[in-house]
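> Quick one: sequence plus predicted model below, questions after.
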Amino acid sequence: MREAHEEAGLVIEPADVELVHTVHMRELPTDPPRVQFFFRALRWEGEPKRQEPDKCLSWRWWNVRDLPEPIVD
């Protein structure tokens, strides 16, 4: 919710998100483990806008069957 506000200017209440996926990963065996949590927002306030142009060049919506290349696995 904090990141959605910082990166997209959206306001999301804690009751309006649900956990949809968890990833436990290590790039290399010697790296410390990381856990990533993915949430779905059921409701939000505001229109998404690029808040951090120094970190993100642009946003675009893509059909899931027509994603651009290259894409992160």
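All right, it came through fine.

> What about I12, how many residues nearby?
For I12, the tally of surrounding residues (other Cβ atoms under 10 Å) stands at 20. In short, each C-beta sits where N, CA and C put it, glycine included.

> Look up how far V35 lies from it.
According to Cβ to Cβ, to the nearest Å, I12 and V35 sit 21 Å apart.

> same deal with V72?
V72 is 17 Å from V35, by Cβ to Cβ.

> Neighbour count for those two, which is higher?
A direct count of neighbours by other Cβ under 10 Å for V72 and V35 places V35 higher, at 8 against 3.

> Can you classify the closest residue to the more buried one other than its chain neighbours by secondary structure?
Among residues not flanking V35 along the chain, H24 sits closest, at 5.4 Å (Cβ to Cβ, 6 or more residues apart in numbering). Here H24 is recorded as strand under DSSP: H, G, I helix; E, B strand; the rest coil.

> heads up, I number from 24, so please use that
In the new numbering, first residue 24, that becomes H47.

> can you pull the pLDDT of the most centrally placed residue in the chain?
In the chain, the centroid-proximal residue (Cα atoms, centre = their mean) is F61; its distance is 7.2 Å. F61 carries a pLDDT value of 94.

> part of a strand, is it?
Yes: membership of F61 in a strand is supported by three-state DSSP.

> Bridging across strands, which residues link to it?
H44 (DSSP bridges).

> these two touch, right, it and V40?
No: look at F61 against V40 with Cβ atoms under 8 Å: they stay out of range, at 10.3 Å.

> count of residues packed around E26?
10.

> For the helix or strand where it lies, which residues meet the burial criterion?
Here E26, judged by DSSP states H and E, is contained in helix 25-31. For helix 25-31, the neighbour count (16 or more other Cβ atoms under 10 Å) marks A27, E30, A31 as buried.

> same check, this time on stretch 32-41
So for stretch 32-41, counting by 16+ other Cβ under 10 Å, buried means L33, I35, V40.

> and if you look at stretch 61-80?
W67.

> chain center to that stretch, what's the gap?
Centre-to-centre, stretch 61-80 and its host chain are 8 Å apart (Cα atoms, centre = their mean, to the nearest Å).

> what does stretch 34-45 give?
Its chain's average C-alpha position is 12 Å from that of stretch 34-45, according to Cα atoms, centre = their mean.
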